[in-house]
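S.K.: Sequence unavailable; structure follows:
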Ligand SMILES: Nc1ncnc2c1ncn2[C@@H]1O[C@H](COP(=O)(O)OP(=O)(O)OP(=O)(O)O)[C@@H](O)[C@H]1O
Ligand SMILES: [Mg+2]
């Protein structure tokens, strides 16, 4: 386990070192997850740094990051292990060519051979239970809300004792459990039983000052005035009635677009030309283009102006 982590401040410093800006509440829950060896469940809007924190923790601790990307229809076999069917077929053909007749002791020996480690393809969950020289890996179970309830139930079991059973080979148990981080966009509610195993944190959009800090960390080339305008504008956009609000990822993307265009300060024209970095739905874009962009810009200019 990550015994070397002694305090919440240390978590913040480690994440700072990875250019990850972490508020006190998130740092606290991350510290507790590391300290108590509990999975960390992060739920929140898109592009708010849920996936990124797993990468940052792995990098900061020098651990391997193992990612299980969830999707509809993901089943235990693609998450844990599969048998290398093609290799097994080749082995059978080769045995046949060498005179194997499918009977008696030969048959048992071949079966043992075919279901041995050599023919096993390890998928993320199994990989995460194996020993790693750098120490227990970070297992990122990303976008768990995209899977279904049977998979959740399976996961709950795997995470409760950090072991999985392969019928032909036996049980694999982690000597040192991985650091587990689960994320969800809340497209559906994840079952209480799974949540109860975890420490939970809702990752919200950052406030103005924190988003400025993130922008400094991720797009340091942006001048202070432009950064403030960018963040104020994005934050204002989030208060509008949009189908898909821009996340922090979009703020950073937009800043990089503006820098690439040598923009010094925002104007309705510049906003119209680059709005695709912030909004990804035509209805949202139509709503904001033109006079609405100018109105929002005037509002943020007034708010940013020194009193
Ligand atoms: N607190 C933060 N500190 C530094 N960078 C951040 C932070 N939050 C978000 N980012 C930036 O935003 C990008 C998107 O973050 P990330 O992919 O982690 O979002 P997410 O919450 O996983 O979104 P989704 O739900 O769409 O998967 C990251 O690559 C990173 O550059
Ligand atoms: Mg993500």
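M.R.: Noted; the coordinates are in hand. Because the structure is predicted, anything quoted here is derived from the model rather than measured. Ligands and ions are numbered 1, 2, ... in the order given.
S.K.: just for the protein, where's the confidence low?
M.R.: The model of the chain has pLDDT under 70 over residues 1-3, 102, 307.
S.K.: Just give me the residue right at the centre of it.
M.R.: Most central in the chain under CA atoms, centre = their mean is residue 51, positioned 2.3 Å from the mean C-alpha point.
S.K.: For that residue, pull up the helix or strand it's in.
M.R.: Counting by DSSP states H and E, the element that carries residue 51 is helix 50-61.
S.K.: what do you get for residue 133?
M.R.: Assigned by DSSP H and E, residue 133 falls within no helix or strand.
S.K.: ok, how many other residues are close to the closest residue in space to residue 181 that isn't next to it in sequence?
M.R.: Sequence neighbours aside, residue 54 is the residue nearest to residue 181 in space, at 4.3 Å (criterion: CB to CB, 6 or more residues apart in numbering). C-betas here are computed from N, CA, C, even on glycine. Using other CB atoms under 10 Å, the number of residues around residue 54 comes to 25.
S.K.: One more: the one 5 residues further on?
M.R.: Neighbourhood size, residue 59 [other CB under 10 Å]: 17.
S.K.: Please tell me how far it sits from ligand 1.
M.R.: Between residue 59 and ligand 1 the distance is 12 Å, computed by CB to the nearest ligand atom, to the nearest Å.
S.K.: how about that residue, what does it touch?
M.R.: The contact partners of residue 59, taken as CB atoms under 8 Å, 6 or more residues apart in numbering, are 18, 65.
S.K.: In this structure, what residue spans correspond to strands?
M.R.: 40-44, 65-69, 81-83, 120-122, 138-142, 163-166, 170-173, 179-184, 199-203 (DSSP state E).
S.K.: could I get the ones you listed as JSON lines with distance to residue 272 and mean neighbour count?
M.R.: Below are the strands of the chain laid out as JSON lines (distance: least, CB to CB, whole Å; neighbours: other CB atoms under 10 Å):
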{"stretch": "strand 40-44", "distance to residue 272": "29", "mean neighbour count": "22"}
{"stretch": "strand 65-69", "distance to residue 272": "35", "mean neighbour count": "19"}
{"stretch": "strand 81-83", "distance to residue 272": "50", "mean neighbour count": "16"}
{"stretch": "strand 120-122", "distance to residue 272": "50", "mean neighbour count": "15"}
{"stretch": "strand 138-142", "distance to residue 272": "34", "mean neighbour count": "25"}
{"stretch": "strand 163-166", "distance to residue 272": "53", "mean neighbour count": "16"}
{"stretch": "strand 170-173", "distance to residue 272": "56", "mean neighbour count": "12"}
{"stretch": "strand 179-184", "distance to residue 272": "33", "mean neighbour count": "26"}
{"stretch": "strand 199-203", "distance to residue 272": "31", "mean neighbour count": "17"}
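S.K.: got the ones you listed as a markdown table, with distance to ligand 1 columns?
M.R.: Output for the strands of the chain, formatted as a markdown table (distance: least, CB to the nearest ligand atom, whole Å):
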| stretch | distance to ligand 1 |
| --- | --- |
| strand 40-44 | 6 |
| strand 65-69 | 10 |
| strand 81-83 | 26 |
| strand 120-122 | 25 |
| strand 138-142 | 7 |
| strand 163-166 | 26 |
| strand 170-173 | 29 |
| strand 179-184 | 6 |
| strand 199-203 | 6 |
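S.K.: Which of the ones you listed sits closest to residue 21?
M.R.: Nearest to residue 21, of all those, is strand 199-203, at 12.0 Å by CB to CB.
S.K.: So residue 129 sits against residue 178, correct?
M.R.: Yes. Counting by CB atoms under 8 Å, residue 178 is a contact partner of residue 129 at 7.2 Å.
S.K.: Would you mind listing what in this structure touches ligand 1?
M.R.: By CB under 6 Å from any ligand atom, the residues of the chain that approach ligand 1 are 19-21, 46-52, 183, 185, 214, 217-218, 248-249, 252.
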